[in-house]
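Trainee: The following block contains a protein sequence and its predicted model.
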Amino acid sequence: MRRMATIAWKEVRHIVRDWRTMVVMFLIPIVQLFLLGYAATTDVEHIRTAVLDGDRSPESRELLRSYEASGYFSLVRYVESEQELAEMMDRGDVRAGVLVPAGYGRRILAGEKAQVAFVIDGSDPNVANAVFAASQQVGQAYSLRLMERRLGISPEELMALEVRPRVWYNPEMKSVNFMIPGLMAMIMYLLTTMLTALAVVREREQGTVEQLMVTPIRPAELIVGKVLPYVAVAFFDMLEVLAIGTLWFKVPVHGSIGLLLGLSFVFLLSSLGIGIFISSVANTQQEAMLLVWLTLLPSIFLAGFFFPIEAMPPALQGISYLIPLRYMLVIMRGIILKGVGLNLLVPHVIPLLIFGVFIMGAAAMRFRKRLE
């Protein structure tokens, strides 16, 4: 224990002396949190929208006010022709356009069926799908109000079927509540993998590994001593992100913090093992960094951090079972958003534990062989 503590203290002094490492460990997670918390959002609000009002009647203005009052659309420009609207959409000045034809108000007053065109920029399918749904939702709500005026019957009486959806766990459907738990898992994976790999390779580049190995310290003690400071840093960053997410972004925490920390330690077996394995393969810090990013990118895209696994092709869904981050994302979101206990998380904890023990054992054997 004393030898491992000595190696750990030596690593802490390395960290404190290198201000760039300090920035990576403590500042980058906060930057990532605010960037993803505000920028990586699927919420559709205030979409810049142009208007081509060919009717210019009180009825058309009422319709347009309904779209703007919904909060989904911001009517930023009134255009005079479809060509002007197309040019604005080509330049990216607007993402949608409302086209009200001439005679719209006359048809509404006569009780006839009126049509309105709504054009959407589909270059970003995610935004386009949300805008498409919002445009129909606002239009249907306005149509029900018109029918209530004509017939004197409330919208509730007009509908033969009423569906009352209820959203559990995230009633406001805020994307930040989905993003921050996943960000906590990603930060833990990135920091422990990258910093562990770089720390060991740095010793090899500086020629100090050989000096350490002529001391009584054993390879296993060297590994544990090197990774202990980064385990502490990973837990600190996780709690830091959780505190900011809770206090600043108002993300509710419904589950046990103790269970979250315990299962995070199981996850660290995988990320630390991957970092040690990379350090046994790479000869320079540049090689180690490239290998870390080579493992990080598939983990982000195939683990369900941004995109649902169910929407992926079957082959990629199969590959995702080999990614530890997949299981940790479910665990994080289950504890924080749903408040579930260990009994419901066992199907995700067991594969994570098996993978962690396997990769840590393989990394330790490889590292020991490399030292010998």
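Mentor: Arrived safely. Source: prediction; values computed, not measured.
Trainee: Return the backbone torsion pair for the nearest residue to Ala117 once chain neighbours are set aside.
Mentor: Nearest in space to Ala117, with sequence neighbours left out and distances taken as C-beta to C-beta, 6 or more residues apart in numbering, is Leu99 at 3.9 Å. For the C-beta atoms, the positions are set from N, CA and C on the backbone; glycine is no exception. In terms of degrees, to the nearest 10, the main-chain angles of Leu99 are phi -120, psi 110.
Trainee: all helices in the stretch 101-250 of the chain, in order from the N-terminus.
Mentor: 104-109, 125-151, 155-158, 175-206, 208-213, 219-247 (DSSP state H, counting those that start in this stretch).
Trainee: and Val12, which of those helices is closest to it?
Mentor: Proximity to Val12 (C-beta to C-beta) singles out helix 219-247 among the helices of the stretch 101-250 of the chain, at 5.1 Å.
Trainee: I'd like to know which elements that closest one is packed against.
Mentor: Packing contacts for helix 219-247, counted by 3 or more C-beta pairs under 8 Å, 6 or more residues apart in numbering; DSSP states H and E, involve helix 2-17, helix 28-38, helix 175-206, helix 208-213, helix 257-281, helix 342-371.
Trainee: who are the neighbours in contact with the nearest residue to Leu146 once chain neighbours are set aside?
Mentor: Leaving aside its sequence neighbours, Leu146 sits nearest to Ile108 (C-beta to C-beta, 6+ apart; 6.7 Å). Applying C-beta atoms under 8 Å, 6 or more residues apart in numbering, we find Ile108 in contact with 59, 114, 146.
Trainee: can you count the residues close to the last one?
Mentor: Put plainly, it is Leu146. Neighbour count for Leu146, taken as other C-beta atoms under 10 Å: 15.
Trainee: per-residue confidence for it?
Mentor: For Leu146, the pLDDT comes out at 81.
Trainee: cool, and the second one?
Mentor: For Ala114, the pLDDT comes out at 85.
Trainee: what's the helix or strand for the residue nearest to Leu190 when sequence neighbours are not counted?
Mentor: Once flanking residues are discounted, Leu190 sits nearest to Leu296: 6.1 Å by C-beta to C-beta, 6+ apart. Secondary structure from DSSP states H and E places Leu296 in helix 285-302.
Trainee: just Val98 next, same as before
Mentor: Secondary-structure assignment from DSSP H and E places Val98 in strand 96-100.
Trainee: Tell me where the model's unsure across the stretch 251-372 of the chain.
Mentor: Applying pLDDT under 70 to the stretch 251-372 of the chain flags the ranges 368-372.
Trainee: Phe178: what's it in contact with?
Mentor: 170, 333, 337.
Trainee: Next, give phi and psi for Asp53.
Mentor: Reported as degrees, to the nearest 10, the phi and psi values for Asp53 are phi -100, psi 100.
Trainee: Tell me the secondary structure at Thr49.
Mentor: Classification of Thr49 by DSSP: H, G, I helix; E, B strand; the rest coil places it in strand.
Trainee: and Tyr327, how many neighbours does it have?
Mentor: 27.
Trainee: Leu353 is in contact with that one, correct?
Mentor: No: taking contacts as C-beta atoms under 8 Å, Tyr327 lies outside contact range of Leu353: 9.4 Å.
Trainee: Backbone dihedrals for the spatially closest residue to Arg204 that is not a sequence neighbour, please?
Mentor: In space, and not counting its chain neighbours, Arg204 is closest to Asn283: 7.2 Å by C-beta to C-beta, 6+ apart. Per-residue torsions, Asn283: phi -100, psi -20 (degrees, to the nearest 10).
Trainee: Can we start the residue count at 14 from this point?
Mentor: Sure, I'll start numbering at 14, so the last one becomes Asn296.
Trainee: could you measure Asn296 against Leu304, distance?
Mentor: Remark: distance between Asn296 and Leu304 (C-beta to C-beta, to the nearest Å) = 11 Å.
Trainee: can you list the domains in this structure?
Mentor: 20-53+187-384, 60-171 (automatic domain parsing).
Trainee: chain center to the shortest one, what's the gap?
Mentor: By that I understand domain 60-171. 32 Å (C-alpha atoms, centre = their mean, to the nearest Å).
Trainee: so where's the stretch 114-263 of the chain uncertain?
Mentor: 164-176, 220-228, 232.
Trainee: got the contact list for Val92?
Mentor: Val92 neighbours (C-beta under 8 Å, 6+ apart): 63-65, 98, 101, 110.
Trainee: got those residues as a markdown table, with distance to Met14 columns?
Mentor: Compiled in a markdown table, the contacts of Val92 are given as follows (distance: C-beta to C-beta, whole Å):
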| residue | distance to Met14 |
| --- | --- |
| Ala63 | 69 |
| Val64 | 72 |
| Leu65 | 75 |
| Leu98 | 72 |
| Met101 | 68 |
| Gly110 | 69 |
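Trainee: that older thread, hey, which of the domains of the chain is tucked in deepest?
Mentor: Comparing those by mean neighbour count (mean count of other C-beta atoms under 10 Å), domain 20-53+187-384 comes out on top with a mean of 18.
Trainee: Centroid-wise, who is the farthest residue in the protein?
Mentor: Ala123 (50.1 Å; C-alpha atoms, centre = their mean).
Trainee: which residues does the spatially closest residue to Met35 that is not a sequence neighbour contact?
Mentor: Among residues not flanking Met35 along the chain, Ile28 sits closest, at 6.6 Å (C-beta to C-beta, 6+ apart). By C-beta under 8 Å, 6+ apart, the residues touching Ile28 are 34-35, 38, 242, 246.
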